[in-house]
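> Just a sequence and a predicted model for now, questions to come.
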Amino acid sequence: MTRLAFLWDQSRCISCGACIAACNAANYGSSTSPNVSWNWLRTNIKRIELGRAARPMLYLLQCQHCENPPCVTVCPTGASYKDKDGLVKINYDLCIGCRYCMVACPYDARWFNESLWAPVKCMGEECQARLARGEQPVCVAVCPAGARDFGDLDNPSSSISRRLAESRYVKLLDNMGTSPKYFVVVGP
């Protein structure tokens, strides 16, 4: 079985925004139109800065590709679904733009694209095409600090499995029962 997942190493991230810019360029044609849902760029990566702590903290948030995705459960048409590799996707031929999936996601990882009149999320079309060609998603490929990874959790020799075995990590809102497959490395 294959279970694809993302890793973001907070301890290696240099906050350069290359992953965000690359997602915008690859999946939204370097659009300058706003993502009004997040008050942000048209990108599937949400940058969250917490400045109230002793030192500012940065989080990069995107679809968690959950094992138990609530967005799939609430979708009335079956447009939100999990593929054979465990990635959560949207079939736009079935999507009616009701936004139930957006409300159900505890991570706020979907945003509404007015030009499509549908929710969008990680992975965008270009990243899906990259996977089909055996390449990494664009956010992973462009990271100059090696803070991102993507791969098969069920393959113990995959880079993501090796990194997780050697690191301390958290899964966001793990107590929600969604079993997210987006790992945040917080140290060695």
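It's in. These numbers were taken from a predicted model, which means no experiment stands behind them.
> packing partners for the longest helix seen in the chain?
Longest helix of the chain, by residue count under DSSP state H: helix 18-28. Contact analysis of helix 18-28 by 3 or more Cβ pairs under 8 Å, 6 or more residues apart in numbering; DSSP states H and E lists helix 125-132, helix 138-142 as its packing neighbours. No exception for glycine: its C-beta is placed from N, CA and C like everyone else's.
> what's the closest of the ones you listed to Tyr107?
helix 138-142 (16.1 Å; Cβ to Cβ).
> which residues does the residue lying closest to Val120 once chain neighbours are set aside bridge with?
Closest residue to Val120 apart from its sequence neighbours, by Cβ to Cβ, 6 or more residues apart in numbering: Asn113 at 4.7 Å. According to DSSP bridges, the partner residues bridging Asn113 are Ala118.
> ok, now which ones touch Asn113?
Asn35, Arg42, Pro119, Val120 (Cβ atoms under 8 Å, 6 or more residues apart in numbering).
> circling back: could you provide the helices and strands packed on helix 18-28 in TSV, with additional columns for mean neighbour count, distance to Gly78 and mean pLDDT?
Formatted as TSV, the helices and strands packed on helix 18-28 follow (neighbours: other Cβ atoms under 10 Å; distance: least, Cβ to Cβ, whole Å; pLDDT from 0 to 100):
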stretch	mean neighbour count	distance to Gly78	mean pLDDT
helix 125-132	15	18	95
helix 138-142	22	28	98
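> Turn these into CSV, including distance to Lys84.
Below are those laid out as CSV (distance: least, Cβ to Cβ, whole Å):
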stretch, distance to Lys84
helix 125-132, 12
helix 138-142, 21
